[in-house]
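Asks: Sequence isn't available, so here's the structure alone:
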C-alpha cells in the first residue's frame, strides 16, 4: 500500500496508529522526536509523512518547514491537539498538506491518508508527463513518443523537445533556446540552433502527416499543430 513515516512522541498514540496502518497494508517507520525524524528523512524516502505538532525538540511545524527546504515532497499530515485556525494556518504555510485534530477515529485518519496519496500520485503523474498533440514526453524516463511510436533522442534533442513542449504555441527565439538548452549566449554568426532544430524535426515528423515545429522567419521556432 505504501511506506508511512510517523513522527509521534506519545508511545500509545504511535502504537495505535502503527498497528492500524500495518493491518491495512502499510509499512510504518516511527520516530519519537524531530531530530531523529530529520536524520531518517535525509536517508530514506516515504510515500507520506504523519507528524505531531508538539514534539519534544523541534516542533512539527518547524520540522515540516525544514523538510520542505530539503525538497522532500511527500505529503505531510499534521496531528494536533490544538484545534485553532492560527495553528492550522502556520502548519499549512510551513508546507503541510492536511490537518487532523486529536482525538480522532482511525477510519478518518486512514481516509485522509488515502486521499493525500491519491492527490500526490495525480500530481506526480501530471508533472512527469508532458503531452502535446500526439507527442508524449516522460520527464522521468526521458522517453519520447509520437502516436505511440518511441523516438530516440540525444540529450540535447531531448532538452530541446522538452523546452518546446513546455511552451507550446509560443515562438521561442534562438537566443532563448541557446540560453535554456545550452546555457550560453547565442552567437548570431553560427547556425547550431537551426541544425539541432532540424535534427529534432526529422525525428518527430518523419513518417507523420502533420508538422509540429514551425519557423517564424526572423523570430524563431514554434511548436504548434496545424
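Replies: Yes, it's here. Note that this is a predicted model, so its numbers are computed, not measured.
Asks: which helices and strands does the top helix by length along the chain pack with?
Replies: Ranked by residue count under DSSP state H, the longest helix found in the chain is helix 106-128. Packing partners of helix 106-128 (3 or more Cβ pairs under 8 Å, 6 or more residues apart in numbering; DSSP states H and E): helix 11-23, strand 48-52, strand 76-80, strand 98-101. All C-beta atoms are positioned from the backbone trio N, CA, C, and that covers glycine.
Asks: This protein - how does it break down into domains?
Replies: 2-127, 133-223 (automatic domain parsing).
Asks: if we can go back for a sec, the longest helix of the chain versus helix 11-23: what angle between them?
Replies: For helix 106-128 against helix 11-23, the angle by axes from the mean of the first three to the mean of the last three Cα atoms, to 10 degrees is 60 degrees.
Asks: and stretch 22-38, how far out from the chain's middle?
Replies: Centroid displacement of stretch 22-38 relative to its chain, using Cα atoms, centre = their mean, to the nearest Å, is 22 Å.
Asks: And stretch 77-96, by the same measure?
Replies: How far stretch 77-96 lies from its chain's middle: 23 Å, per Cα atoms, centre = their mean.
Asks: Distance of residue 128 relative to residue 75?
Replies: 16 Å (Cβ to Cβ, to the nearest Å).
Asks: Which one of these two is surrounded by more residues?
Replies: Taking neighbours as other Cβ atoms under 10 Å, residue 128 and residue 75 compare with residue 75 leading, 22 against 12.
Asks: how about the strands of this structure, start to end?
Replies: 2-7, 26-31, 48-52, 76-80, 98-101, 129-132, 135-138, 143-146, 149-151, 213-216, 220-223 (DSSP state E).
Asks: Format those as JSON lines; extra columns: mean neighbour count.
Replies: Output for the strands of the chain, formatted as JSON lines (neighbours: other Cβ atoms under 10 Å):
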{"stretch": "strand 2-7", "mean neighbour count": "22"}
{"stretch": "strand 26-31", "mean neighbour count": "18"}
{"stretch": "strand 48-52", "mean neighbour count": "25"}
{"stretch": "strand 76-80", "mean neighbour count": "23"}
{"stretch": "strand 98-101", "mean neighbour count": "17"}
{"stretch": "strand 129-132", "mean neighbour count": "15"}
{"stretch": "strand 135-138", "mean neighbour count": "18"}
{"stretch": "strand 143-146", "mean neighbour count": "18"}
{"stretch": "strand 149-151", "mean neighbour count": "13"}
{"stretch": "strand 213-216", "mean neighbour count": "14"}
{"stretch": "strand 220-223", "mean neighbour count": "20"}
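Asks: Return the member of those having the minimum mean pLDDT.
Replies: Among the strands of the chain, strand 129-132 carries the lowest mean pLDDT, a mean of 88.
Asks: Test my guess that residue 42 contacts residue 69.
Replies: No - the criterion here is Cβ atoms under 8 Å, and residue 42 misses it with residue 69 at 11.9 Å.
Asks: before we move on, the earlier item: between the longest helix of the chain and strand 2-7, how many degrees?
Replies: Using the same axes, to 10 degrees: helix 106-128 against strand 2-7 is 120 degrees.
Asks: Would you mark the buried spots in helix 106-128?
Replies: For helix 106-128, burial by neighbour count (16 or more other Cβ atoms under 10 Å) applies to 109-110, 112-113, 116-117, 120.
Asks: For that helix, the averaged confidence score.
Replies: For helix 106-128, the per-residue pLDDT averages 83.
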